[in-house]
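S.K.: Sequence and predicted structure, then a few things I'm wondering about:
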Amino acid sequence: MMTTVRSDDPLDPPGTDCDVVTVPARQGLEAVDILRRGACDAMGPVLHDDGGATLGFLVPPGTAAAWDVPGSVCTETDGRGLRSAPEPPVEGSDWLLPPGDADLATDPAVLREALGEAQRLIEAADGCS
């Protein structure tokens, strides 16, 4: 699982802090496809870990306080930490969808729906085998 790197640099631009929702890679990749197919304007940067086991969706700060989606974890940054910068903000990760190619953060409500749909698709596919 990815870990948060915190930064208290006063020179960091305001309004770029994010929390991160971490999900298993299979569900996360399905969710990315769902969000892209829906021509979603609310999709922010997405991280993947070097081992390919998880994806991390950057979401607005404060999302962790109300995040309750089974199978995922939302890491709170308390207004510090994850920044959508060109370099991945988490050691051992890289960008699947880098900043500049996306909004500042993924809309949590839209992500919640996409993750639910992705889980249903995975369960249906696994049930067919």
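M.R.: The structure has been received and is ready for your questions.
S.K.: from here on, contacts and neighbour counts on C-alpha atoms
M.R.: Noted.
S.K.: Neighbours of Gly56, how many?
M.R.: Number of residues near Gly56 (other C-alpha atoms under 10 Å) recorded here: 28.
S.K.: What's the first helix or strand after the helix or strand hosting it?
M.R.: Using DSSP states H and E, Gly56 falls within strand 54-59. Using DSSP H and E, the next helix or strand after strand 54-59 towards the C-terminus is strand 73-75.
S.K.: Quick one: distance of that next one to the chain centre.
M.R.: 9 Å (C-alpha atoms, centre = their mean, to the nearest Å).
S.K.: Let me see the residues that make contact with it.
M.R.: With contacts defined as C-alpha atoms under 8 Å, 6 or more residues apart in numbering, strand 73-75 is touched by 4, 19-23, 63-64, 67.
S.K.: what's the answer for stretch 49-59, then?
M.R.: The contact list for stretch 49-59 (C-alpha under 8 Å, 6+ apart) reads 1-2, 18-26, 28-29, 44-48, 84, 92-94, 104-108.
S.K.: Listing partners with orientation, what would you give for the helix or strand of the chain at the bottom of the mean pLDDT ranking?
M.R.: Here the helix or strand of the chain ranked lowest by mean pLDDT, DSSP states H and E is strand 93-97, holding a mean of 88. Paired strands of strand 93-97, with direction, are strand 46-49 (antiparallel) (DSSP bridges).
S.K.: any idea of the mean pLDDT in the partner strand?
M.R.: For strand 46-49, the mean per-residue pLDDT is 91.
S.K.: what do you get for stretch 77-84?
M.R.: Regarding stretch 77-84, the rounded mean pLDDT is 55.
S.K.: need the contact list for the closest residue to Asp103 other than its chain neighbours.
M.R.: Of all residues not flanking Asp103 in the chain, Gly44 sits nearest, at 4.4 Å (C-alpha to C-alpha, 6 or more residues apart in numbering). The neighbourhood of Gly44, defined by C-alpha under 8 Å, 6+ apart, consists of 57-59, 97, 99, 102-107.
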